[in-house]
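K.L.:
Need coordinates for the below:
(chains A, B, C and D)
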Number of protein chains: 2
Amino acid sequence: MPRPTKQTPERGSARQRLLEAARDVIRAKGFAATSVDELCTAAGVTKGAFFHHFASKEALGIAAAEFWGSSTGALFAGAPYHTPADPLDRVLAYLDFRRLLIGGETWEWTCLVGTMAEEVHQTHPDIARACGEAIFGHAATLEADIALAMAQHGIRAPSAASLARHTQAVLQGAFVLAKAGGGAEAGQEALDHLKRYVELLFGKGES
Amino acid sequence: MPRPTKQTPERGSARQRLLEAARDVIRAKGFAATSVDELCTAAGVTKGAFFHHFASKEALGIAAAEFWGSSTGALFAGAPYHTPADPLDRVLAYLDFRRLLIGGETWEWTCLVGTMAEEVHQTHPDIARACGEAIFGHAATLEADIALAMAQHGIRAPSAASLARHTQAVLQGAFVLAKAGGGAEAGQEALDHLKRYVELLFGKGES
DNA sequence: GTGATAATACCGACCGGATGGTACGGTTCC
DNA sequence: GGAACCGTACCATCCGGTCGGTATTATCAC
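P.N.:
You can find the predicted model right below:
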C-alpha cells in the first residue's frame, strides 16, 4: 500500500514511517550520527519523500520529538496505573509501571527526547525546546495525583510540580547510567531508590 | 611555549590542549557533531598533531573520557567536603558541593562522560566503556563514607554501592533536564530532592 | 459521469562542501 | 643520527539539500 487515501495527508505512510524510523534509529545512534539517507533506508522511502515532508533534518528532529510526546502520551494515558483509588497508590503504581517498561535492548526502553536534548541543546535549540516540552509535559501529567496525595498526607515540603519533575530527572539519569554500562539493572535500581524516596516522603507505614 | 621539554611526552602541549578542547567542545556540541578540524582549531594545533597523538577520532574520545575521569577525580579528592568528622555529614557535604558547582553556562557544569555515553553507547562501545569507568569510578569514591554512615545508623536497606550509584543517576538526570530547558534551577532542584532522600533514609532529626 | 486543472506525494540523479584520515616533508630534541 | 613532534597538502567518501520530473488524487465546471 504505497499511497493510501489522501483524505488524511497527515497519516500518509511516508511521513509516519519516517517518524517511526527516526524514533528508533536516533534513539540508538543519536541525532548527529544518524544521516538522512539512513533514515530513508530504514523507513523504506527516498530522499525526495523525506524533504517533501520535512524542510530539513532539524525539522524532522522537532517533529520526532513531538511525535514522541504524543505517542508516549497516549501510552501513559491508557496505562493501568490510573486505577487505584488512593492518589499516592497511583503515583507509586506509575513508578512500578515505569520499572516494568525496562527490558530488552537499551534503545528500546530509553527516552528519545532525553537523548536528543542532551546532544543538541546547544547546536539545535529548537529541537531541544521540543524535547523539553515532551519531558515537562509528561511530568505535568503526574502533578494532579501528587498534589492530591500531598494534600491527603498534609505535606507541603516540595511542590507537586517539583516532585513530578524529579521523577523524570531520575528516569533520565537511569537511562544515562544504563548506557554507560549499568544496563537494565542500573535503571531498575534507580527506580527503586525513587520509589523509596516517595514512600519516605509520604511517611509510608504510618497511617 | 609551543614545544616544552619532551622528557614527559604525556604533558606535551598539543596532546594536553587537544584533550582540554575536547572536554569543552564535545560537552557543548556532542561527540558526533564535533569535527576533528574544529577540535584542532580550538586547541590551536594542526591536523598532523591530532593524528600524531590519536589514532582516530574514536581514540580521542576514549582519551577524553579518561582525562575527564582523572581531572575530576583530582578536583573531588581535593574538595573540602571530606573534612567533617561524621561520615553522614561528609556525604551531605558532597551533595552541597555538587550543588555549588552548578553555575554559568550549561556546558560548564554538565558532565562530559554522561553526555558522551548517552550519545555513543551504540556507535562507539569503547568510548561508552571509558565513560562508564569514569562515572562508576567516581561513584565508588563515595562508597566508603556511605557505608560508614550506614553502619553508624544501623541501616542495611540499599547497599552503599547502590546509593552511591544513585547519586550519579540523579546528577546525570539533572543535567538532562537542565539541557531540556530546565536550566540551572532544574539541576539544583534535583540535588535538593536527592539530599532530602538521603536525610530521610538516615532518619534526619532522630538521634 | 467526464474531462480539464491543480495540487499533493513521491522519485532519484546530482551538487558543493564538509569530514575523517593519509602522505610526506620539515624541525626539534636527545 | 634517529626518533618523536608537528605542519601542509591532499584524497575518497559522505552529508544535507536541490531540482526537474512523474504519478496519483482532489476539485469542479459542464
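
K.L.:
ends of stretch A:42-61, how far apart?
P.N.:
16 Å (CA to CA, to the nearest Å).

K.L.:
hmm, that stretch touching DNA strand C?
P.N.:
Yes. Stretch A:42-61 is in contact with DNA strand C by CB under 7 Å from any atom of the strand, via A:45-49, A:51-53. The way it works is simple: take the backbone N, C-alpha and C, and place the C-beta from them, glycine included.

K.L.:
the helices in chain A, which residues?
P.N.:
A:13-29, A:36-43, A:47-53, A:57-77, A:87-100, A:106-109, A:112-120, A:125-153, A:160-177, A:183-201 (DSSP state H).

K.L.:
Just name the most buried of those helices.
P.N.:
helix A:112-120 (a mean of 28; mean count of other CB atoms under 10 Å in any protein chain shown).

K.L.:
and it, does that touch chain B?
P.N.:
Yes. Helix A:112-120 is in contact with chain B by CB under 8 Å from any CB of the partner chain, via A:113-115, A:117-120.

K.L.:
Name the nearest residue to the closest residue to chain B within chain A, sequence neighbours excluded.
P.N.:
Closest to chain B within chain A is A:Gly173: 2.8 Å, counting by CB to the nearest CB. Spatially, and ignoring its direct neighbours in sequence, A:Gly173 is nearest to B:Gly173 (2.8 Å; CB to CB, 6 or more residues apart in numbering or on different chains).

K.L.:
quick one: the one you found and A:Arg165 touch, right?
P.N.:
No. With contacts counted by CB atoms under 8 Å, B:Gly173 stays clear of A:Arg165, the gap being 9.9 Å.

K.L.:
between the two, what contacts are shared?
P.N.:
B:Ala190 (CB atoms under 8 Å, 6 or more residues apart in numbering or on different chains).

K.L.:
I'd like the helices of chain A laid out as JSON lines, including mean pLDDT and distance to B:Thr41.
P.N.:
Shown next, in JSON lines, are these (pLDDT from 0 to 100; distance: least, CB to CB, whole Å):
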{"stretch": "helix A:13-29", "mean pLDDT": "96", "distance to B:Thr41": "26"}
{"stretch": "helix A:36-43", "mean pLDDT": "97", "distance to B:Thr41": "26"}
{"stretch": "helix A:47-53", "mean pLDDT": "97", "distance to B:Thr41": "31"}
{"stretch": "helix A:57-77", "mean pLDDT": "98", "distance to B:Thr41": "24"}
{"stretch": "helix A:87-100", "mean pLDDT": "98", "distance to B:Thr41": "43"}
{"stretch": "helix A:106-109", "mean pLDDT": "96", "distance to B:Thr41": "33"}
{"stretch": "helix A:112-120", "mean pLDDT": "98", "distance to B:Thr41": "21"}
{"stretch": "helix A:125-153", "mean pLDDT": "98", "distance to B:Thr41": "23"}
{"stretch": "helix A:160-177", "mean pLDDT": "98", "distance to B:Thr41": "29"}
{"stretch": "helix A:183-201", "mean pLDDT": "98", "distance to B:Thr41": "37"}
